[in-house]
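Enquirer: need coordinates for the below:
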Amino acid sequence: MGRPVRGSVGVDIEVEMEKERRDARVVTADLISRARAGDGDAFRTLVEPYRRELQVHCYRMLGSFQDAEDALQDTLLAAWQGLAGFEGRASLRTWLYRIATNRCLDGLRAASRRPAKEWDVPNVEPPEPTRLGEVVWLQPFPDALLEGAIDVPLGPEARYDQTESISLAFVTALQVLPPRQLAVIILRDVLGFHANEVADMLDSTVESVNSALKRARAGLQGRRPPTTDREPAPVPDSPSEDAIVAKFVSAWESADVDALVELLTDDVFMSMPPMPFEYEGRDVVARFCASLFGAGRRFDLVPTRANGQPAFGAYLRTPSGIHHGVGLYVLTLTGDRICAMTRFDNSLLPWFGLPRSLPSS
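Expert: Predicted structure coming up:
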């Protein structure tokens, strides 16, 4: 009693799945053998399924899309050059994560971060910032590159939803952790690797990994904005999100500060890397926006998405009719309100497929 009947649907499926796993191992072993012999196409086929998720991993580690792309290229080069040393004790995916993590740690220890920029908006005198931000190297991640990168299989010990763990607030909070703690919390709590796997990746011990994880969790908790009393953000591209976005676009393009203020939470937060200015609270954010609009600046917004959040290329209207790209805004939503706005400079527009300028309509 209780034994599966040979030939039953359940047994047939299990046999078929085992066959697929065995065939996959054979294909992987063949690709590794050919890549070791210098077959570049075999190597690209081998690593391509992991490229996007490794890029996102590097982005979480470094907080910069540009630095993440550099780290990814370094990772793939190191993997190509070191494939002879891959012994198969861990999976190929785990081995690639080991290389990527250590390349990012090397970059963090080099401390060659982009410096802060001074205020550079002509004829606009902003209010005194609430504080000066530390993470001036922060850059957004285009949603177009997230497909297939955040729906990866997670280990059993992952604590964060993949969408949450790519948000600007989460990535910013990660950046203030010491490098080793940063690596540990991403590998353990975001990706769900076991402690012994992380210890192997970092050439460390399980005890050291667990200690770093405890400190990292405490540090992250102290840095992340409180969310316990906030409503969740609306589902991306839902009617609820579309309604907030439409109101924001209308208010911003018409320079209607009162309409904009109605969309903001009391504790709304605004930052603008690589400028260190940060503003916290609806009144001061409203004063900042009024300083932009009061200088006669009028904008058109072109929608895009970044970090799983609504975003817009901002284009300054000019008498010539040509609208020049002046920045990228990313919104963080809660319920039917905006709880954060992050402004980035215009050099990022091409990453989102947005033009440098808009022609006269």
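Enquirer: tell me which stretches of this structure form strands.
Expert: 131-132, 264-272, 275-280, 299-306, 309-316, 323-334, 337-344, 357-358 (DSSP state E).
Enquirer: can you put the ones you listed in JSON lines and add distance to residue 81?
Expert: All C-beta atoms are positioned from the backbone trio N, CA, C, and that covers glycine. Shown next, in JSON lines, are these (distance: least, C-beta to C-beta, whole Å):
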{"stretch": "strand 131-132", "distance to residue 81": "42"}
{"stretch": "strand 264-272", "distance to residue 81": "39"}
{"stretch": "strand 275-280", "distance to residue 81": "39"}
{"stretch": "strand 299-306", "distance to residue 81": "33"}
{"stretch": "strand 309-316", "distance to residue 81": "37"}
{"stretch": "strand 323-334", "distance to residue 81": "36"}
{"stretch": "strand 337-344", "distance to residue 81": "34"}
{"stretch": "strand 357-358", "distance to residue 81": "42"}
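Enquirer: which residue packs closest to residue 79, ignoring adjacent ones?
Expert: residue 99 (5.6 Å; C-beta to C-beta, 6 or more residues apart in numbering).
Enquirer: so which of the strands of the chain comes closest to residue 253?
Expert: Evaluated over the strands of the chain, closeness to residue 253 peaks at strand 299-306, with 6.1 Å, by C-beta to C-beta.
Enquirer: name the helices or strands packed onto that closest one?
Expert: Using 3 or more C-beta pairs under 8 Å, 6 or more residues apart in numbering; DSSP states H and E, the elements in contact with strand 299-306 are helix 239-253, strand 309-316, strand 323-334.
Enquirer: lowest-confidence helix or strand of this protein?
Expert: helix 9-36 (a mean of 65; mean pLDDT, DSSP states H and E).
Enquirer: flag every buried residue along stretch 125-132.
Expert: Neighbour-count burial for stretch 125-132 flags 126, 129-130 (criterion: 16 or more other C-beta atoms under 10 Å).
Enquirer: between those residues, which sits nearest residue 256?
Expert: For the buried residues of stretch 125-132, the nearest to residue 256 is residue 126 (19.3 Å; C-beta to C-beta).
Enquirer: separation between the nearest residue to residue 116 once chain neighbours are set aside and residue 185?
Expert: Closest residue to residue 116 apart from its sequence neighbours, by C-beta to C-beta, 6+ apart: residue 136 at 4.3 Å. According to C-beta to C-beta, to the nearest Å, residue 136 and residue 185 sit 22 Å apart.
Enquirer: swap in residue 310?
Expert: In terms of C-beta to C-beta, residue 310 sits 27 Å off from residue 185.
Enquirer: quick revisit: what's the neighbour count on the residue nearest to residue 116?
Expert: Residues lying near residue 136 (other C-beta atoms under 10 Å) number 18.
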